[in-house]
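Chemist: After the sequence you'll find the predicted model.
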Amino acid sequence: MNFLMSSTRAHEYQRAHHAHLVGTTSGLETVQLTVEGKLPTPPIVATLGISLVESPEGRAVFEGSPAEWQYNQLATVHGGWLSALLDSALGYAVHTMPPAGRGFTTLGLHVRFVRAVTVAVSRLRVEAQVTHAGNRTVTAEGRIVGPDGKVYATGTTSCLVLKIEE
């Protein structure tokens, strides 16, 4: 019995040089340029097969569809893909907060898996919102929800606000 099957997956992405934006736009302005399609999303977004749906101040929404290429040895979507989906939404929510000349780096990411995901779940939506926005740290929380309203994972992040050198 042959258990091996082959498949291929291709993706495209655009590279953006954001250096001209450093110090001139706020995080929210940069994110809005991305939502409007005036700046490409980071390559990881295309690689993961996820998309930024909206990102007003203090919030971000991403969507993605479970696929077999994300499966682990148990034939469920790998927790790393779910974590990256959640981390992307949390990061974009945080990114909407710093003023021009400021950026951030993640101090911690905590993910809690609630139930397994397979391709039977057609689409996942992550809604993340900032829970604290200080001068030095920003925190956010989010959850991954299926089309039926079931929660598949939740998570929190804490980020350090940094001055970006031009």
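Modeler: Structure received.
Chemist: so how far is stretch 68-84 from its chain's centroid?
Modeler: From the chain centre to the centre of stretch 68-84 is a distance of 16 Å (CA atoms, centre = their mean, to the nearest Å).
Chemist: quick one: the one residue sitting closest to the centre of the chain from Leu52, how far?
Modeler: Among the residues of the chain, the one closest to the centroid is Ser88, at 1.3 Å (CA atoms, centre = their mean). Separation of Ser88 from Leu52 (CB to CB, to the nearest Å): 8 Å. From N, CA and C alone the C-beta is placed, and that goes for glycine too.
Chemist: Identify the contacts common to the two.
Modeler: 45, 60, 62 (CB atoms under 8 Å, 6 or more residues apart in numbering).
Chemist: so which of those would you say is closest to Thr157?
Modeler: Minimum distance to Thr157 across the shared contacts of Ser88 and Leu52 is 11.4 Å, recorded for Ala60 (CB to CB).
Chemist: three-state assignment of Arg115?
Modeler: coil (DSSP: H, G, I helix; E, B strand; the rest coil).
Chemist: Quick check: closest non-adjacent residue to it.
Modeler: Spatial nearest neighbour of Arg115, chain neighbours left out: Tyr152 (5.6 Å); criterion: CB to CB, 6 or more residues apart in numbering.
Chemist: so is the one you found in a helix, a strand, or just coil?
Modeler: strand.
Chemist: dump the residue contacts of it.
Modeler: Listed by CB under 8 Å, 6+ apart, the contact partners of Tyr152 are 82, 113-115, 117, 121, 124, 144-146.
Chemist: cool, Pro147 as well?
Modeler: Taking CB under 8 Å, 6+ apart, one finds 121-123, 125 in contact with Pro147.
Chemist: and what of Val53?
Modeler: Here Val53 is in contact with 61-63, 125 (CB under 8 Å, 6+ apart).
Chemist: before we move on, the earlier item: most neighbours of all the contacts of Tyr152, which one?
Modeler: Highest neighbour count within those, by other CB atoms under 10 Å: Ile144, with 28 neighbours.
Chemist: That one belongs to a strand?
Modeler: Yes. Ile144 forms part of a strand when assessed by three-state DSSP.
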